[in-house]
Each structure stands twice: as C-alpha cells, then as structure tokens.
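K.L.:
here is my input; please provide its structure:
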Amino acid sequence: MSDSKTFKIGEAADRLGLSVQTLRFYEHEGLLVTGKTERGTRIYSEDDLARIQAIRRLVELDIPLQLIRQLADTRRNSESGDQACRAVSGQLGEMTHRLRALGQAIDRALQDIEQADQLVRRCRDCRLKPSYRQCAPCPVSQDLDQAQILQLIWDQKHEPQ
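P.N.:
Below you'll find the predicted structure:
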C-alpha cells in the first residue's frame, strides 16, 4: 500500500471486494469524489472506503442510485440545517418504505420456496424420468398452484412430450 491511510484504486477495490470499474462507476455517478496524486492516480482515504461501503450496502438492498445520490448531496446543497434535516428525513423515510416492501416480498418468496420444497420432496425416490406425461398423475403435479415457483420448475411448455 502507498500509505497506511490512503489507497490507490486497485488497493481500495481489493480491500472492499469490489472491482476497479465499480469504484470508477460510483465516481462517475457523483456518489464519490476522490483525491488524486500529481500523476492523476486516484487515492482513497479510510473515510472514502467507509462511504463506499455505505453506498454498496444501499445498492445491495436495491435502493436506486438516484436516491443514494440525493441523500449524499442533500446536506451540501441545503441552505440550513433545518432544510437538510427535513430533506434527509424524507429520503430516509422513502428508503425505509422501500426496504419494508422488499422485506415483505422476501417473506412471500421464502414462504413460496418453502412450500415448493415440501412438494418437490415428495418426488424423492421416484424412478420415473421427469416429464409432463410421466408426472401428470403425480400428486405434486396436482398441487402446482400451491407454490408459484413450481410454475418455473414444472414448465410444461418447454418439455418434450
């Protein structure tokens, strides 16, 4: 490393488990402003790495980059602490709403997957080749409506008949 407190772009990417392209993308999107050496090499501080980790966490949670950018820019673009507080509070509220909705969708998906797994386990020890014709009389085929993901697993249209 170039210094115990600063990192070149490759070092920062390695340390964060990201690609160099991702760091450049965050910078291009206005989410990050990095320092540069006299030769133009990007350098990252510990604070930059912490900011990138916060961005990454929000991106992993499917928060749109536009909302992340707004949040990152709000204090700097506000005329007063009150204005910043109100804007940030609204943005955090929107993120909370999005994450709660995502959490509910994840809960529904988990229930669906668990139900599908219970049904699919009925096929254990079956010696027949899985096909629409072979499986039609099977109780699992009769219960496909109990788990939406089974429509993907028992895709009857793409099966040779």
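K.L.:
any idea which helix or strand in this protein has the lowest mean pLDDT?
P.N.:
Least confident helix or strand of the chain, by mean pLDDT, DSSP states H and E, is helix 132-135 with a mean of 72.
K.L.:
got the CA coordinates for it in CSV?
P.N.:
What follows is helix 132-135, C-alpha atoms only, in CSV (Å, rounded to 0.1, in the frame of the first residue of the first chain):
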residue,chain,number,x,y,z
TYR,A,132,-45.3,-33.9,-18.3
ARG,A,133,-46.6,-37.2,-19.4
GLN,A,134,-44.9,-39.2,-16.6
CYS,A,135,-45.7,-36.8,-13.9
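K.L.:
what does the helix or strand just after that helix rub up against?
P.N.:
Sequence-wise, the next helix or strand downstream of helix 132-135 (DSSP states H and E) is helix 139-142. Residues from elsewhere that reach helix 139-142 (C-beta atoms under 8 Å, 6 or more residues apart in numbering): 119, 120, 122, 123, 135, 154. All C-beta spots, glycine's among them, are computed from the backbone N, C-alpha and C.
K.L.:
quick one: which helix or strand includes the second one?
P.N.:
Following DSSP H and E, the helix or strand that holds residue 120 is helix 81-120.
K.L.:
how far does that helix sit from the chain's center?
P.N.:
Relative to its chain's centre, helix 81-120 lies at 12 Å (C-alpha atoms, centre = their mean, to the nearest Å).
K.L.:
quick check, pLDDT for residue 8.
P.N.:
Listed pLDDT for residue 8 reads 93.
K.L.:
what about it, neighbour count?
P.N.:
17 (other C-beta atoms under 10 Å).
K.L.:
partners of it in the sheet?
P.N.:
Beta-bridge pairing for residue 8 (DSSP bridges): residue 43.
K.L.:
let's check: the centremost residue of the protein is which one?
P.N.:
Geometric centre of the chain, nearest residue: residue 60, 2.9 Å, by C-alpha atoms, centre = their mean.
K.L.:
contact partners for it?
P.N.:
With contacts defined as C-beta under 8 Å, 6+ apart, residue 60 has no neighbours.
K.L.:
next one: residue 35
P.N.:
6, 42, 43, 44, 45.
K.L.:
of the residues you listed, which count as buried by neighbour count?
P.N.:
Using 16 or more other C-beta atoms under 10 Å as the burial test, the contacts of residue 35 include 6, 42, 43, 44 as buried.
K.L.:
test my guess that the second one contacts residue 34.
P.N.:
Yes - counting by C-beta atoms under 8 Å, a contact exists between residue 42 and residue 34, whose distance comes to 4.7 Å.
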